[in-house]
Structure formats: structure tokens, C-alpha cells
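Enquirer: I would like the atomic coordinates for the input below:
(2 chains)
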There are 2 protein chains.
Amino acid sequence: MNRKNAFYAQSGGVTAVINSTACGLIESARQYPQQIEKVFAGRNGIIGALREELIDTSCESKSAIAALRHTPGGAFGSCRYKLKGLDEYQREYKRLIDVFAAHNIGYFFYNGGGDSADTCLKVSQLAETMGYPIQAIHIPKTVDNDLPITDNCPGFGSVAKYIAIATREASFDVASMAENSTKVFVLEVMGRHAGWIAAAGGMAATNDCPLPIVILFPEIPFNEQNFLARIQQHVETSGYCSVVVSEGVKDSQGQFLANQGSKDAFGHAQLGGVAPVIAAQIRNGLGFKYHWAVADYLQRAARHIASATDVEQAYALGKAAVEMALNGENAIMPTIERLTDTPYHWQIGKAPLENVANVEKMMPREFISVDGFGITEACRRYLQPLITGESYPPYQDGMPQYIRLKRQLTKKKLASDFELR
Amino acid sequence: MNRKNAFYAQSGGVTAVINSTACGLIESARQYPQQIEKVFAGRNGIIGALREELIDTSCESKSAIAALRHTPGGAFGSCRYKLKGLDEYQREYKRLIDVFAAHNIGYFFYNGGGDSADTCLKVSQLAETMGYPIQAIHIPKTVDNDLPITDNCPGFGSVAKYIAIATREASFDVASMAENSTKVFVLEVMGRHAGWIAAAGGMAATNDCPLPIVILFPEIPFNEQNFLARIQQHVETSGYCSVVVSEGVKDSQGQFLANQGSKDAFGHAQLGGVAPVIAAQIRNGLGFKYHWAVADYLQRAARHIASATDVEQAYALGKAAVEMALNGENAIMPTIERLTDTPYHWQIGKAPLENVANVEKMMPREFISVDGFGITEACRRYLQPLITGESYPPYQDGMPQYIRLKRQLTKKKLASDFELR
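Expert: Predicted structure coming up:
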């Protein structure tokens, strides 16, 4: 077999487990030295390929690569850079081919969400469209959990676990304070289009540990009157309430609540922050004392409390990508196939990229309770295995030991630089 | 010895480890059944004493009490209710004596911060001032770490660990995104008067793991120009920067930055939220893309990543309080005395309450770097042992198993109810 190099890039928002996928991919590739000579990683994602900034992962020790499994963020750097159609981005695809050819790259592994799947599909067609033979495999990654076909997306389970735990812990806190102080706690979570992450807040409450929680989903148009009535009801019954609000919640006209809110001292619209908007409604409408939090990056970087299921699946998908490539596959994405809920069994499957690109998987309506403020048993069955298991990083002096790689670039071979648009 | 009952109350904002103190206190009291018949806990703190709502902790199983050690929040409920001087609050102190007498209470354990120390001092004087014999012991608790004499306060170490880890994790995230997306991450932390919690953000960076971090302390008047220059410098050098900002940061006129910021859609001043104010300054002044988070209750409820040192000390102080009471002590607070930094050794000491009440311990200036944006080596030596060690709660189905007590009230003996002011 013709020995080739592989190119791997991290794309879009990073997660607590995207490096676990990198670990699975690099460790697996190292087991096939006759087929894959080196894995080059794009410095800052696909931008690294365009700039011919290729990190030579063979310079990283075995233990450094192993440590990727417990390190959050994107170890090689990521970027938000969408390569669109071949017509519009011909110059970029041509450059990719120049770089790939110069470095004998025959395998392209792209680790990202929906936009990346589309780019990966275009790369998979370069043999046909531009005469450069390459196999392109997309590896799913997104905290938003909105890729189709795969049962779930690496990165999501760990955010879900974080949000479920944070909601439980904060609920215990506000319950303690409710008698004559804070009665409502509001937690803003990610998920601009789909309510998967907000749904995870519902997992804070169980039969053993009931908690009054109201979830605001982007899928359900926000109705202030119904919302305040629900809060009032919980406070009357339980003395307190926690609210988990998706950053993507919209009103009945489809406007983001976050944008309706505040202006800064200079009169500029304040970006982000639906939690303070919701909190102000509670104060103005009900007069309850409240606290609010915005988890933001903390939720997707929280490797210290990652889901063991998520870490394992992220690794397995990186490994599967290599194996599929060596089996001659192209234009596919390895997926998680759920076999059973309880006990949870899953296996690796695969999906044609043309069925993945540009398709968003929203929360099914039957996962949201009839009143629109909670999750159903079906949703619980879906979420439960994804948050199960703890996968603690090693600690030293009280701090998690996350690896930083050497990130040594391989020597450039092309004469020209490339100007990003 | 005369067998008496004990009264225990949780006061003010709760923490990840205040229940560990309750655990130490109740487990220890149960070892002296000849001296302490029962421990009654105030339902919702001191309010429970005034209302004669006394939780009979003898109804709780041994395993339930043991589980308090790993449960956040205040298991018996807390409140913000300051009993001031005897003159002004004579009716309240009279009521306390009625309730204590009706339930044969001879020991008063008050678990809180500075205000509670003052109340506890007043209670300790009830024998002298109002003829009711009682021993009052204050047990320190505050995430703000601002009580005097004790080397540190239970609750603080766990928040410090949480903030240090969150800052490290978010820094790894933003470092990955910085090439063409987010360059600055802003994390708002608690601490309205003292910068202890903000300082903990500095522990995210170590010699092994340097990170560009800017800390904004309440002790240092905020100067926008210097701040933006520092951010600019970090972004030029490292490509990104994390900012840890105390909610209590003030400008040179002594005004809270959080109050200068935003108004909601109705023109009301938005309460809280210095992070978005800082973020807007970064956008307007430097044009960098940013993200911001507000940790709020998440930081003080995060029992899932509590400091083992903190959990152990919280327990030890509860135990010591009982032992001191049985030794006939009154009007004191058990303290943590640091013996050595490395290896860390500490012991229990004690402080007269009259020296504790109404004294706030601020960050020493020598713990803050000369430029006002970081911590010094002396500060690191102080903080290091407090965040050391992990003390994980048990998990089931991916969720931490936190106990909820039965909280059974003992039968009331007084005819009258009490109207809270």
C-alpha cells in the first residue's frame, strides 16, 4: 500500500473532549506506520492547511498524546472559517491541494460540526472535481448535539453532565436561602438553535431528588405571562425555583430575548446575556429576590467533570475514522449508534457525508413536556447514558494537569504564502 | 454533668462545605450523649430559633448525617437575618431565651460569617445580660474569607479551587479559538469587599502552565486605560487573555462598576453583572471578540470539585466547637492556625469572639502584584494548600448523590408564635 500522510484539523467551538478524539486518531494512526507515515495537524484548524502551518504530531511523545484524552480545549488550535462551494472558494481548494500534494497527504480528517461536514464533503470530492486523490472523513464534534444520523455528538454529553450537576448544586443552594433571601436562580446555557443543552438542566431533578426546575427552550416561543405563573407556582409549592434558559430563547415574533434586553452606559445594545433579561422579568413581575449565572465557556471547557461516556465515544470516533480511512472509505462520518438504553449499549456506525452536511437535528417535540417547561421520560432515557460516568483528569497541587503540546511545525515546502480572505 | 441540648444554626450565604461542619458537629455531639442529649438545628437558621422551628437531628440516620460531609448548600436552611444590639433587639433575645429554656438548650453553635459572629457574641453574654446560662461558640464559614484571626475560612478553599480550575479550563478554550475568533474571556466572581476569590483565578497559571490572566480586585481602583493596555499587551504576546473580575470592583470614585453598566428594556438599572460591563469596554476600546461568564452560585455550590483541605477543615471546626463547648468555653470561635506552608500543617486554635465580630480581613497589599493585576508569590504560598486535594462525592447515574434530610421539627412547647420584624 502507498504510504501517505494524514491531515487532521479541529474546527469551530472546542469542547471538553475534542482532544480525546485527537488522541484516539493519533494513537490509532501510530499503529499503522506502513500505511500512515505521519499525522499533521492544522495549526488553528483548516487555516493551518491554507497557511501550510502543519503541526508534526510525530514530535509529540506517547505520554503527551495520551494526555490529550483528559485535556479540554483544542490542543492544535481551532478556527471559525467556512470553506463554501468550489466555485466561490476555488482559490482555497486549489491551495489545499497544493499543500496536501507538497506534504503527500492522502487522508483528510475534519473534526467539527455541521459547517465542517459540508467542507469535508467538498474535500472528499476533490479527486473528482479537481483531480487530487484524497479520502475525507468527518469526525463529529459539537456541544450543540445537532448533527443528524449519529445518536449523539461528542462534546455534548460532558456539557450536559456539567449543566445537570450545576443546576442540582445551585438548586440546593437557593433552597437553603429561600426563606428570606434568594428565591429564584437563573442559569443561562448554550444552544442558540436547539435546546439539547437546556434539556440537560432537567436531569438535575430525579425521582430520588425532585427539584423545581423551569426550562426555557429555543424551540418553544417564550410567553412571559405563562413563565411567571409557573415560577410563582413553584415558589408557592417549594419555596424556590431554578430556571435553565437557553441563550437562543425567542419571543413569539421570533426575536432573541437576549437582544431585547439591556443597553450599556453608552447606549450600545449589550450582546448576549438572556439570564439578566429573565431575571429582570422575575423581579419586575413577581418581586422575588434572584441570582443569575451565565456558564458560557465554563460549560464546554469543564473537563474536570466530563462524562466518561463522552470521553470514551470521542476517543472511539477518532480511532474509527482512521480505520475507515484505511478501509478505503471516503465522504463519510463515523457515528454513534445506540443499541439499547438500559443497559446502555452502542456501536460505531457510519453516515454518508451528503446526508450530514447542512442538516440540523432539533429536539423532538416529544422530548419537551406538554407545557413546554420541562423534559419528558423519553428525553430522560435519551440523556441518561450520555451523562453517565466520571472521567477525572490527574491532579497536582490541587489543579488538573492538562497537557500543552510542543506544536512543532513541519518545514514549509511551498514558495508562496496564502492570504486568508 | 448537667445534660443539655444544643442548638446549631447555619447563617448567611451557604457554601460547598458548611454541611461538612454540621456533620463534624453532629457526629461529635453524638459521642457525648451524657453531656449533650440532642442537637437541634434551626430551620432556616436563626429564624428557626425565633419561630421555635427546631429540627431534631436525632431523627436523622447515621448515614444521612455522614452524607452531609459531601452535600452542598445548607441542609437545615439558612437566612440573612442580623440580630443587632440587645437594646434594639431585646424582644428577639428574650424570645431566644424563651425557646432555649423551653427546650433545655445550653449550647449555642452559630455557623456563619462576620455578622453572625457579632450575634453569637451577644448570645454568649445572655447569662450576664439577661440571666440565661448558655455557652455560645461561633464556627467560621464564609466564601469571602474575610474573618480575622483564623488563617482561612471554610467555604473559601472550595470556591478558590473552583475559580482556579474554571479559569484554567476557559483559558485553554479561548487559546484554541483566538486565531480568528474569541480573544478575551471574562469571568465574574464573588467577593464584594475583599479580593480573595478573584485572587484564586491567579492560581490557574503556574510555572508549568503559564497563562495570560488579568485579575481585577475590589482593593484596586479600576483604571480603564491601564486595564485595556494590559489586555492589548497579553493579546499581542500570547494571542489571547483571560480576565477574572471581582463583582466588587470600583472605579476611582469608589462606585461599583457593575452599577454603571446597563439598563434593561424598561430603563431600570440592571442589577449585578460587572462582566458584561468589562466585556463592553474591551469591545469598544480594543475591538476584540470576547466571551463572558458569571459564576454566581455555581462557584459556592460546586461540591463536585470541593477542596479536600476545605472539607476536612470544615469538619474539624464543627468537631472542635463541640469539644470546646464541653470544656466550658464560651464566646469563642475555633480557628485554623497555619503552622507551615510546605508541607502544609495546620491545627485548630481559638479566638475570643470580641476580637472577631465586626472585623473584616482584606487582602494584604503584598498579595497583589505591583501593577495591581495579579498575585504575588506570597499569595500563592497562602492559597496553595487551601485548594489542594480533591474530595469527590459519590455518583449514581452520572449525578452526585447529595443528601436531603428529613428535617423533622420537634414539638413546640411555647404557646405564642413570634412575628419576625
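Enquirer: Let me know the outermost residue of chain A.
Expert: Distance from the C-alpha centroid of chain A, by Cα atoms, centre = their mean, peaks at residue A:180 (39.0 Å).
Enquirer: what sits against that one?
Expert: B:44, B:47, B:79-81, B:420 (Cβ atoms under 8 Å, 6 or more residues apart in numbering or on different chains). Any C-beta I mention is one placed from the backbone N, CA and C, and that applies to glycine too.
Enquirer: Show me what from the stretch 101-250 of chain A comes close to chain B.
Expert: A:161, A:164-166, A:168-170, A:172-181, A:185, A:187, A:203-204, A:206, A:209 (Cβ under 8 Å from any Cβ of the partner chain).
Enquirer: Which ones among those map onto strands?
Expert: Among those, the members found in strands (DSSP state E) are A:185, A:187.
Enquirer: Narrow the residues of the stretch 101-250 of chain A next to chain B to those in helices?
Expert: Residues of those located in helices (DSSP state H): A:161, A:164-166, A:168-170, A:172-177.
Enquirer: PyMOL command for the buried members of these?
Expert: Selection of the buried residues among those in PyMOL, burial being defined by 16 or more other Cβ atoms under 10 Å in any protein chain shown:
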select buried, chain A and resi 161+164+165+166+168+169+170+172+173+174+175+176+177
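Enquirer: and the ones in helices among the residues of the stretch 101-250 of chain A next to chain B as CSV, adding distance to residue A:130 and pLDDT?
Expert: Formatted as CSV, these follow (distance: Cβ to Cβ, whole Å; pLDDT from 0 to 100):
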residue, distance to residue A:130, pLDDT
A:161, 43, 98
A:164, 46, 98
A:165, 48, 98
A:166, 48, 98
A:168, 53, 98
A:169, 53, 98
A:170, 53, 98
A:172, 58, 98
A:173, 58, 98
A:174, 58, 98
A:175, 61, 98
A:176, 64, 98
A:177, 63, 96
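Enquirer: give me every residue that touches the nearest residue to residue A:175 once chain neighbours are set aside.
Expert: Spatially, and ignoring its direct neighbours in sequence, residue A:175 is nearest to residue A:240 (5.3 Å; Cβ to Cβ, 6 or more residues apart in numbering or on different chains). Shown in contact with residue A:240 (Cβ under 8 Å, 6+ apart): A:171, A:174-175, A:177-178, A:182-185, A:212, A:234.
Enquirer: How about residue A:152?
Expert: Contacts of residue A:152 by Cβ under 8 Å, 6+ apart are A:145, A:313, A:336, A:338, A:386.
Enquirer: hang on, it in a strand?
Expert: No: assigned with DSSP: H, G, I helix; E, B strand; the rest coil, residue A:152 falls outside any strand and is coil.
Enquirer: Would you quantify the distance from it to residue A:321?
Expert: According to Cβ to Cβ, to the nearest Å, residue A:152 and residue A:321 sit 17 Å apart.
Enquirer: Same question for residue A:328.
Expert: Relative to residue A:321, and taking Cβ to Cβ, residue A:328 is found at 13 Å.
Enquirer: Strands along the stretch 151-300 of chain A, start to end?
Expert: A:184-189, A:213-216, A:241-246, A:290-294 (DSSP state E, counting those that start in this stretch).
Enquirer: What I need now is those written out in TSV, including mean pLDDT and mean neighbour count for each item.
Expert: Below are the strands of the stretch 151-300 of chain A laid out as TSV (pLDDT from 0 to 100; neighbours: other Cβ atoms under 10 Å in any protein chain shown):
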stretch	mean pLDDT	mean neighbour count
strand A:184-189	98	29
strand A:213-216	98	24
strand A:241-246	98	28
strand A:290-294	96	26
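Enquirer: Reformat those strands as CSV; add distance to residue B:23.
Expert: Shown next, in CSV, are the strands of the stretch 151-300 of chain A (distance: least, Cβ to Cβ, whole Å):
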stretch, distance to residue B:23
strand A:184-189, 25
strand A:213-216, 27
strand A:241-246, 25
strand A:290-294, 26
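Enquirer: can you list the domains in chain A?
Expert: Domains of chain A are assigned by automatic domain parsing as A:4-141+A:305-359+A:390-400, A:156-301.
Enquirer: need the least confident one among those, by mean pLDDT.
Expert: Ranked by mean pLDDT, the domains of chain A bottom out at domain A:156-301, with a mean of 92.
Enquirer: got the contact list for residue A:347?
Expert: A:337, A:339.
Enquirer: Dihedrals phi and psi, it?
Expert: phi -140, psi 170 (degrees, to the nearest 10).
Enquirer: bridging residues for it?
Expert: residue A:337 (DSSP bridges).
Enquirer: repeat for residue A:216
Expert: With DSSP bridges as the criterion, residue A:216 is bridged to residue A:245.
Enquirer: what's the distance between the closest residue to residue A:72 other than its chain neighbours and residue B:212?
Expert: In this structure, residue A:72 finds its nearest non-sequential neighbour in residue A:303, 3.7 Å apart by Cβ to Cβ, 6+ apart. Distance, residue A:303 to residue B:212, using Cβ to Cβ: 20 Å.
Enquirer: Could you check which of these two has the larger neighbour count?
Expert: residue A:303 (29 against 21; other Cβ atoms under 10 Å in any protein chain shown).
Enquirer: State the phi and psi torsions of the more buried one.
Expert: Per degrees, to the nearest 10, the backbone of residue A:303 is at phi -60, psi -20.
Enquirer: Ok, residue A:352 next?
Expert: phi -70, psi 130.
Enquirer: which non-adjacent residue is nearest it?
Expert: Counting by Cβ to Cβ, 6+ apart, the residue nearest residue A:352 is residue A:332, at 5.9 Å.
Enquirer: cool, residue A:7 as well?
Expert: Nearest to residue A:7 is residue A:105, by Cβ to Cβ, 6+ apart, at 4.8 Å.
Enquirer: Equivalent analysis for residue A:388, please.
Expert: That would be residue B:398: by Cβ to Cβ, 6+ apart, it lies 4.0 Å from residue A:388.
Enquirer: before we move on, what about residue A:60?
Expert: residue A:405 (5.3 Å).
Enquirer: pretty sure that neighbour belongs to a strand, no?
Expert: No: using three-state DSSP, the assignment for residue A:405 is coil, not a strand.
Enquirer: what sits against it?
Expert: A:55, A:60, A:64, A:68, A:75-76.
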